[in-house]
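Student: okay, here's the prediction I keep looking at, along with the sequence it came from:
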Number of protein chains: 2
Amino acid sequence: MATIYDVAARAGVSPKTVSRVLNVDAPVAKDTKRAVHKAMDELGYVPSHAARSIKSNKSGLIGLITGAISSAEEGSAAAGLPELHIVQGAQAVIERSRKTLLISDTGGRLERVPDLVRTFQEHRVEGILYVADYHKPLDVELPAEGTPKVLVNCFDDFGTPAVVPDDEAGQLGLTRAVVEQGHRRIAYLTLAPAQEATRLRLSGYRASLAESGIEFDPALVQATDLFGTAGEHQLIWDALEKFFASDEPPTAICCGNDRLAMAVYGILRRRGISVPEDVSVVGYDDHRLISETLYPALTTAELPYSAMGARAAQILLELMAGEAEAPSERIRVGGQVQHRASLVAPAVTVSKNIISLKRRKEE
Amino acid sequence: MATIYDVAARAGVSPKTVSRVLNVDAPVAKDTKRAVHKAMDELGYVPSHAARSIKSNKSGLIGLITGAISSAEEGSAAAGLPELHIVQGAQAVIERSRKTLLISDTGGRLERVPDLVRTFQEHRVEGILYVADYHKPLDVELPAEGTPKVLVNCFDDFGTPAVVPDDEAGQLGLTRAVVEQGHRRIAYLTLAPAQEATRLRLSGYRASLAESGIEFDPALVQATDLFGTAGEHQLIWDALEKFFASDEPPTAICCGNDRLAMAVYGILRRRGISVPEDVSVVGYDDHRLISETLYPALTTAELPYSAMGARAAQILLELMAGEAEAPSERIRVGGQVQHRASLVAPAVTVSKNIISLKRRKEE
DNA sequence: CGGTGTCATGACATCGGTGTCATTACCGTT
DNA sequence: AACGGTAATGACACCGATGTCATGACACCG
């Protein structure tokens, strides 16, 4: 690869003058400039990032650690992939700041994180983003004390800046949309109860019921603990069984995520229950591959991954520039409710509690 | 950040000795070694990649260009994401070779590629992987002549090494599996006919029919040209309509991909047709989020993205090491057929052509 | 016409490592 | 005892860029 000296020799000037042409930081005569550009073109010269960064002590690099790329492998159809939208959101912001994003993958093995961080340090990254695969407490130690860091989709107890989804508000809004359609018997098929998201969303669900004067019925909440494992269809089947065994069966079912909703669609229909005529179904995540493709299309709450990534990157850049203090509280990013065909008003029936007269037709 | 000089001063030795401890390339006395390690720990010293690579003229970096990360945004639920498995496969191989992968995203805008390549060149990447979002001819120009390159999921006419899916063999195997269940009226709902994948798979589909003595019926092939757009459900509905209007309707439907199969599930059921009792459905891609979650689970052909990424990385590493010549032909990677509940023998019926007596029960 | 300021350019040191070569101390041989 | 060989270490140059300072050529001013 050609160096600045080769260019200088070919153009008949000193290396420093070539440097001046490259960086436009001092006046250079027109003719000289032209000769230098010509020499650069002919040699296919590209300045060396390494040489520059060694001198300037600035790498222009931002490190991002994720399991997105490989977590797609673990388990069966693990949640994984959507987390990639976080990377996408961050990428877009960082690109604009003329920094380069160095993406590293844990390969699903957390014990690799220290190695990855070390590689980042060798490259003298100026900031680090750590992206978790779902909303949870931080489960690794991140070395590299001097370097600004932002957590995404996770949080710790030591005040590291963190950007997380606002699960509570999301489920509140979504459940509100269900209530507004006239439903009052609303089942909730949750993800694993231990998950941060489940806890927060359940709280949003209850808040919505409370504000509408609907009594919370524990029988209408079932967890699909082993979600993602081989027997999950059976598990979901059993949970739905319980819902419909009730003498006041639900007219709407909230699912822990879109993927769960997809399985529910199939099982409901096998049982002869139509969506949305007999029961409305809503998901969570707005995983568009699913939500837009399912028939009928799925009403769901957006998990604002892209926005979270962008926000995190923005905070990181500010920290790096010393323009801002680290935020003292977790940043919660809210998402929209996406209303689609799977949610309609309940059919006109006489239940013990309510007579719904509304009925909306969906095409 | 501490330098090798700081470490040397603290340990009371010369920088060169510290370098020797780091690289174990010459004998160092035990006591000296211990003192140096102590100093490194205390200072939190991490060697500078830039300084090393400037001297050795080796960056240890491999550049990868993809649209995976952002293409998830474009269109609605664009195909995008699965291509990430290619990145994953490549990552796993490259990691083992102790190189660092520099991932760049086009943000869906091809015109950015030259910029990305330039950034790669500034970092002196030793090899480049270009990953396309679906099987197609290369649609950009890749500069950086001296650098070894491998195309993945795309190909050009200039002999650049390319790794692509073996769509023809894949569809052949899949259709064969359908035929082996006893089906003889097999519909095929393709993706856009202009696509490389559609062309090749159609050829595999016909090859399978031919080898089984089943006559090709053009009425059983419909394209969903506008797949991925707003009106797609309607389009699929119409296509299915045509299939079932036939006086010899299909007993199995091959779909262009899993996503299409997901939409087909919903529409078939709405029409009162059960999967797999009334008609078997198969997809393509083995997008496990879909194929394993759908109820009943979907029989499909694996699109071996991970293997393709791994193979491409392997070839690139060999090219970089000068161990191998560039392969003169495209490398076609085959995938497995994944047999799941959506494919069963056709129901016992008397058709004009065949009486099928087999019947397999699925749970 | 001499002093001063600006333009254009180059010599040289420097960033953080590593390759080359030199130096010293100590070992075993003959 | 003199010699050759190896272990352990350091001095110094160099990789490819850029910051600092110096220099020569003009142009402008009084």
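Tutor: Nice, thanks for sending it over. Residues are numbered from 1 along each chain as shown, chains lettered A, B, ... in the order given.

Student: quick check: what element follows the lowest-mean-pLDDT helix or strand in chain A along the chain?
Tutor: Using mean pLDDT, DSSP states H and E, the weakest-scoring helix or strand in chain A turns out to be helix A:68-71, at a mean of 55. With elements assigned by DSSP states H and E, the helix or strand that comes after helix A:68-71 is helix A:84-96.

Student: so what secondary structure elements neighbour that following helix?
Tutor: Judged by 3 or more Cβ pairs under 8 Å, 6 or more residues apart in numbering or on different chains; DSSP states H and E, helix A:84-96 is in contact with strand A:61-66, helix A:68-71, strand A:100-105, strand A:127-137, strand A:149-155, helix A:305-321, helix B:68-71. In this view, the C-beta of every residue, glycine as well, is placed from N, C-alpha and C.

Student: and residue B:294, which of the ones you listed is closest to it?
Tutor: helix A:68-71 (21.1 Å; Cβ to Cβ).

Student: where does chain A have low pLDDT?
Tutor: A:68-81, A:226-230, A:348-363 (pLDDT under 70).

Student: now with 80, please.
Tutor: Along chain A, the parts satisfying pLDDT under 80 run over A:67-84, A:107-108, A:225-231, A:348-363.

Student: what about the helices in it?
Tutor: Taking DSSP state H as the test, the helices found in chain A are A:4-11, A:15-23, A:30-43, A:49-56, A:68-71, A:84-96, A:113-122, A:167-180, A:196-211, A:232-245, A:258-270, A:288-291, A:305-321.

Student: what angle do the longest one and strand A:127-137 make?
Tutor: Angular relation of helix A:305-321 and strand A:127-137 on a 0 to 180 degree scale: 130 degrees, by axes from the mean of the first three to the mean of the last three Cα atoms, to 10 degrees.

Student: tell me the phi and psi of the residue of chain A found nearest DNA strand C?
Tutor: Nearest residue of chain A to DNA strand C, counting by Cβ to the nearest atom of the strand: residue A:27, 2.8 Å away. Torsion angles at residue A:27 (phi, psi; degrees, to the nearest 10) stand at phi -70, psi 140.

Student: neighbours around it, how many?
Tutor: 7 (other Cβ atoms under 10 Å in any protein chain shown).

Student: so who does it touch?
Tutor: Residue A:27 is in contact with no residue at all, counting by Cβ atoms under 8 Å, 6 or more residues apart in numbering or on different chains.

Student: nearest spatial neighbour of the residue most central in space within chain A, chain-adjacent residues omitted?
Tutor: By Cα atoms, centre = their mean, chain A has its centre lying nearest to residue A:305, at 2.7 Å. Leaving out its chain neighbours, the residue that sits closest to residue A:305 by Cβ to Cβ, 6 or more residues apart in numbering or on different chains is residue A:85, at 3.7 Å.

Student: the one you found and residue B:293, how far apart?
Tutor: 19 Å (Cβ to Cβ, to the nearest Å).

Student: how about residue A:270?
Tutor: Separation of residue A:270 from residue B:293 (Cβ to Cβ): 14 Å.

Student: between those two, which is the more surrounded one?
Tutor: residue B:293 (25 against 16).

Student: wait, isn't the more buried one in contact with residue A:261?
Tutor: No. Look at residue B:293 against residue A:261 with Cβ atoms under 8 Å: they stay out of range, at 9.6 Å.

Student: and for the residue lying closest to residue A:153 once chain neighbours are set aside, the neighbour number?
Tutor: In this structure, residue A:153 finds its nearest non-sequential neighbour in residue A:132, 4.3 Å apart by Cβ to Cβ, 6+ apart. Using other Cβ under 10 Å, the number of residues around residue A:132 comes to 23.

Student: same deal with the one 10 residues further on?
Tutor: A count of nearby residues for residue A:142, using other Cβ under 10 Å, gives 18.

Student: surely it touches residue A:130?
Tutor: Yes. Counting by Cβ under 8 Å, residue A:142 does reach residue A:130; the two are 6.1 Å apart.

Student: spit out the residues that contact these two alike.
Tutor: residue A:149.

Student: flag every residue of the stretch 51-200 of chain A that's near DNA strand D.
Tutor: Taking Cβ under 7 Å from any atom of the strand as the measure of proximity, the stretch 51-200 of chain A contacts DNA strand D at A:51, A:52, A:54, A:55, A:56.

Student: how about the contacts made by the last one?
Tutor: Residue A:56 makes contact with no residue under the criterion Cβ under 8 Å, 6+ apart.

Student: how close does it get to residue B:269?
Tutor: From residue A:56 to residue B:269 the distance is 63 Å (Cβ to Cβ).

Student: cool, and the third one?
Tutor: The span separating residue A:54 from residue B:269 equals 64 Å under the rule Cβ to Cβ.

Student: quick one on the thing from earlier: I'd guessed the residue nearest to the centre of chain A sits against residue A:82; true?
Tutor: Yes. Between residue A:305 and residue A:82 there is a contact under Cβ under 8 Å: 6.1 Å.

Student: and the gap between residue A:27 and residue A:21?
Tutor: For residue A:27 relative to residue A:21 (Cβ to Cβ), the value is 11 Å.

Student: likewise for residue A:221?
Tutor: Taking Cβ to Cβ, one finds residue A:221 at 69 Å from residue A:21.

Student: looking at the two, which one has more neighbours?
Tutor: Between residue A:221 and residue A:21, counting by other Cβ under 10 Å, residue A:21 is the more crowded of the two (23 against 19).

Student: with that, I have no additional questions.
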